[in-house]
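Visitor: structure for this input, please:
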Amino acid sequence: MLFEVDDDHRIATITLNNPKQRNSYDAAMRDQLARYLDIVAEDDDLTVVLLRGAEGVFSTGADMNNAYGWYGSKAENGKAEQEQPKSRPSQRRRLTVDRKTFGFYHNFMGFPKVTVGEISGFALGGGFEMALMTDISVIARDTRIGMPATRFLGPALGSLHMFFHRLGPVLARRLLLTGDVIEAGAIEHLGIFTETCDGSQVAARARYWAQKAAKMPADGVVIAKEAFRLVEQSQAYQGEEVASYLFHAYGTNLQFAPGEFNFVKTRAQHGTKEAFRLRDQHFHVPEPQ
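Guide: From the prediction side, this is the model:
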């Protein structure tokens, strides 16, 4: 994670900086992002946070190289990684971790300063969620967006309440029930993002919107953001957030029937890269001629 402050324009920039893995993030990176957001929230001289990814890619979401690593490891207690038994985490552990995960997304969506997303390349999984949660979003038309991780565990993966409110029920169901990845330009007419433009323009346009928002009265922005959060909670956001993390926690303990694709098992047998290829092969259905 990179953190820069432009005091003259009252803008902080946070960059996901893991380009070798298309700016996917692990629990430590997410926690660092949360700490940087806290710094911005507590700094009265900052009005806007610009969230972006390094080298033209926003984020492909949570790092799936070690899926169970999100639930903690005994290495933290002094035991080596290789000594850990290969067993699924308990439901109580899943619920504890998912409460924290969805707490991060809840705090980001209700962040007291203006959030601007500079989105290009890929915005998948948790990266897609953060892109949708920003107040102002600038996205390249060829950006690949979606929730392909639903092909691991089903549609309960992710902030269900946010998808339905931000995408609408039809598109939300389509993306969550198929795991499809689409280009942002294909839904430009729906107005889901603030601005959809050519990739070469994304950085400049995101900076433009950040500077524009930063000129607003800082107290007024904070008051408005709290009002926005109140409106969203009155629309049942908070109750739906609990449902999201509960179903996510239980969903990570699925049993797979014969013929269904088990990503964790496939990855253990063939490695992560090959598992992704086999996943896409399994889910491919040719369009009718």
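Visitor: where do the helices sit along the stretch 151-289 of the chain?
Guide: Along the stretch 151-289 of the chain, counting by DSSP state H, counting those that start in this stretch, helices occupy 160-167, 169-178, 202-214, 218-234, 237-251, 263-270, 272-283.
Visitor: as CSV, these with mean neighbour count would be great.
Guide: (Glycine included, C-beta is placed from N, CA and C.) Listed next are those as CSV, based on neighbours: other CB atoms under 10 Å:
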stretch, mean neighbour count
helix 160-167, 20
helix 169-178, 16
helix 202-214, 19
helix 218-234, 14
helix 237-251, 18
helix 263-270, 16
helix 272-283, 14
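Visitor: and these, which one is worst for confidence?
Guide: Among these, helix 237-251 has the lowest mean pLDDT, at a mean of 71.
Visitor: related to what we said a few turns ago, mind putting the helices of the stretch 151-289 of the chain into TSV with distance to residue 138?
Guide: Shown next, in TSV, are those (distance: least, CB to CB, whole Å):
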stretch	distance to residue 138
helix 160-167	16
helix 169-178	20
helix 202-214	4
helix 218-234	19
helix 237-251	24
helix 263-270	32
helix 272-283	28
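Visitor: of all those helices, which lies closest to residue 150?
Guide: helix 169-178 (5.4 Å; CB to CB).
Visitor: the closest one packs against which elements?
Guide: If contacts are counted by 3 or more CB pairs under 8 Å, 6 or more residues apart in numbering; DSSP states H and E, helix 169-178 sits against helix 150-153, helix 160-167.
Visitor: run through who's touching the first one.
Guide: Around helix 150-153, the neighbours that count as contacts under CB atoms under 8 Å, 6 or more residues apart in numbering are 64, 157-158, 175-179, 251-252, 254, 261, 263-264, 279, 282-283.
Visitor: enumerate every residue touching residue 56.
Guide: Neighbouring residues of residue 56 by CB under 8 Å, 6+ apart: 120, 121, 199.
Visitor: the helices and strands packed on helix 169-178 into CSV, with extra columns for distance to residue 113?
Guide: What follows is the helices and strands packed on helix 169-178, written out as CSV (distance: least, CB to CB, whole Å):
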stretch, distance to residue 113
helix 150-153, 31
helix 160-167, 19
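Visitor: go through these and name the closest to residue 88.
Guide: If you check each of the helices and strands packed on helix 169-178 against residue 88 by CB to CB, helix 150-153 wins as the nearest, at 12.5 Å.
Visitor: ok, back up a step: just the buried members of the contacts of residue 56?
Guide: Using 16 or more other CB atoms under 10 Å as the burial test, the contacts of residue 56 include 120, 121 as buried.
Visitor: what about residue 17, how many residues nearby?
Guide: Residues contacting residue 17 under the criterion other CB atoms under 10 Å number 15.
Visitor: ok, now how distant is residue 185 from residue 2?
Guide: Look at residue 185 and residue 2: by CB to CB, to the nearest Å, they are 28 Å apart.
Visitor: with neighbour numbers in mind, choose between these two.
Guide: A direct count of neighbours by other CB under 10 Å for residue 185 and residue 2 places residue 185 higher, at 15 against 12.
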